[in-house]
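**Q** Starting from these lines, generate the structure:
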Amino acid sequence: PGSDIEFLSTKPKSDFEGEISQTFSNNDSLSQISISGKNNQIWYKTSFGYYDRDNYKLSNDFVPTAVQPTDERVNSDKLSKSAMVKVGYLISENNEIAFKVSASEADYGIAPTEIDSASYRYKRIKDQKINNFYLYFDNKLDKSELNLRAYYDTYKDILLEYKDSTYSSLKDGYALPPTQYDISRIGALAKYSLIEDKNKLSFVLNYEENQNTITREKYLNSDSVPSWKFQNVLSSLILQNKINSVNIESALTYKKYTPLKIDYDGYAFASSADATNKDLVDAQVMVSVPVENYVIFTNLAKTSRIPSMFELATFSSYEEANLGLKPEISKNVEIGIRKNLSTGYFSVSGYYYDIKDKILKKDDMYINDPKSINQGIEIKYNFERDNQSLNFGYSYIDAKDSSGKQINLIPHNKAKIDYKFQASSAMAFLASYSYFDKSTYDDETLPSYELVDISSSYKFQKNITLTASIKNLFDENYFYTYTDPAAGRSYYLTMNWKF
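**A** The predicted structure is shown next:
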């Protein structure tokens, strides 16, 4: 339910400052406001957001189906509100404490992904509430830094399932609330760093508990209230060295996750595997060596990924928990070269990942694939001169599961070009082109597609900017996943005022 832990965050530069942004499109609207300031030893930041969407338009080339009969995306409405407050206090020149609280609420439809299937489940999310609480302490000296973080996050929502596409009556057997999720995370993190010239040694310790409780009242003849709680412990030693012109970064990490509470409450799951303790050790070394106008870099690593609570304990009318899910173990090799140019740079790199027990979704459950190979190349080019900039990126990805098939939704080829032209100090133009090769989803094939986005911005004064943009300029008919159509041509107008 929580977000990444902040180590670096910007602070107000003046006594009072803020920003108001309003975006309108043919699909939705977004309103945002942020206010911040400082007064002697105290500083504060606040933000508020409001998002409203009735639906979004599909491409004119979309072919209607029984489940998706028009170009207005079925059940794609969303209404969300969010707020955040962060307050900091400078205890002394080297010591600072801060507190942040954020909250969001949302109601939204889950657009049907199986638009050609009469058996699709018609679902909506009601009363989604996410709350986050963070406490920060920082101590900075000439040759050392101490960062302490404590956090508590909660997530709740209700999943409704309806009989048909009218979304007017609940499916037989439901009684409100049909499926209610109650998820929480609590933890603490400490990072201590020693700094000497161009060298830095850091020690990180993170303790976290995640709990997931689900209520399914009277659906599938089950009154069960399963609950799971897992404990995660992580400790890392990170060393950043610079010897002459050679940069070396190395890390050694210990991870442990432990089931603290497993209560099926009488419900029988498809997977009978038990959750067990897991101890993991990761190691990584990254080296970059400059040679004239070139930089040669390499990365050797043995990494692991602990299953998320959603993967371990997902539980609804269409997905099952798998508490026996193992962590992914990956052995990685990457090598590349970068050429520094007078107007930018060019780089090419290759990588090879040998992954054991990769976590994949199959049917209605997350499982471990015994062996997966992910290898490929990446090419990047950057050009900047006067009032123009160009960025190009290309990736070739060969990601195979244990059966030798390309992993779902990963295309072999991807490319992206971004171009910016600064016509004057007030006006700028941007254009973006993206190419995605065909991909697979189980036994189905998703066709390749190309996207073009354009935008233009004009700064009326130092603090007021108007931006007009078009996404999917040529109204490409493409799919996020199999039978899940994406938005067609979309128009946006944004006004931003800084004060």
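
**Q** Could you use CA atoms for every contact and neighbour count after this?
**A** Noted.

**Q** Low-confidence regions, the stretch 151-300 of the chain specifically.
**A** Within the stretch 151-300 of the chain, the stretches with pLDDT under 70 are 172-179, 216-224, 267-275.

**Q** Surely Tyr491 touches Lys471?
**A** Yes: Tyr491 is within contact range of Lys471, at 6.6 Å (criterion: CA atoms under 8 Å).

**Q** where do the strands sit along the stretch 1-150 of the chain?
**A** 17-25, 28-39, 42-53, 78-90, 95-110, 122-140, 144-162 (DSSP state E, counting those that start in this stretch).

**Q** Quick one, which of these gets closest to Lys302.
**A** Minimum separation from Lys302 across the strands of the stretch 1-150 of the chain (CA to CA) falls at strand 144-162, 26.7 Å.

**Q** Please point out which parts of that closest one sit buried.
**A** Across strand 144-162, burial judged by 16 or more other CA atoms under 10 Å covers 145-162.

**Q** if we can go back for a sec, as TSV, the strands of the stretch 1-150 of the chain with distance to Ser389 would be great.
**A** Shown next, in TSV, are those (distance: least, CA to CA, whole Å):
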stretch	distance to Ser389
strand 17-25	26
strand 28-39	29
strand 42-53	32
strand 78-90	35
strand 95-110	37
strand 122-140	37
strand 144-162	37
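
**Q** how about those, which one is nearest Asp263?
**A** strand 144-162 (19.2 Å).

**Q** which secondary structure elements does the next helix-or-strand element following the closest one contact?
**A** Proceeding N to C from strand 144-162, the next assigned helix or strand is strand 179-196, under DSSP states H and E. Counting contacts by 3 or more CA pairs under 8 Å, 6 or more residues apart in numbering; DSSP states H and E, strand 179-196 is packed against strand 144-162, strand 199-216.

**Q** Any idea which of these gets closest to Lys57?
**A** strand 144-162 (23.1 Å).

**Q** which helices and strands does that closest one pack with?
**A** Applying 3+ CA pairs under 8 Å, 6+ apart, one finds that strand 144-162 contacts strand 122-140, strand 179-196.

**Q** Just put those in a markdown table and tack on mean neighbour count and distance to Thr10.
**A** Below are these laid out as a markdown table (neighbours: other CA atoms under 10 Å; distance: least, CA to CA, whole Å):
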| stretch | mean neighbour count | distance to Thr10 |
| --- | --- | --- |
| strand 122-140 | 19 | 14 |
| strand 179-196 | 18 | 19 |
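
**Q** CSV please, covering the ones you listed and showing distance to Met427.
**A** Conversion of these to CSV gives the following (distance: least, CA to CA, whole Å):
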stretch, distance to Met427
strand 122-140, 39
strand 179-196, 43
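
**Q** if we can go back for a sec, mind putting the helices and strands packed on strand 179-196 in CSV, distance to Tyr351 included?
**A** Output for these, formatted as CSV (distance: least, CA to CA, whole Å):
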stretch, distance to Tyr351
strand 144-162, 34
strand 199-216, 27
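
**Q** Out of these, the one nearest Lys11 is which?
**A** Of the helices and strands packed on strand 179-196, nearest to Lys11 by CA to CA is strand 144-162, at 16.3 Å.

**Q** now the closest one: how far from the chain's centre is it?
**A** In terms of CA atoms, centre = their mean, to the nearest Å, the gap separating the centre of strand 144-162 from the centre of its chain is 14 Å.

**Q** That one versus strand 95-110: what angle between them?
**A** 20 degrees (axes from the mean of the first three to the mean of the last three CA atoms, to 10 degrees).

**Q** quick one on the thing from earlier: I'd like to know which of the helices and strands packed on strand 179-196 is closest to Ser349.
**A** Ser349 sits nearest to strand 199-216 of all the helices and strands packed on strand 179-196, at 26.3 Å, using CA to CA.
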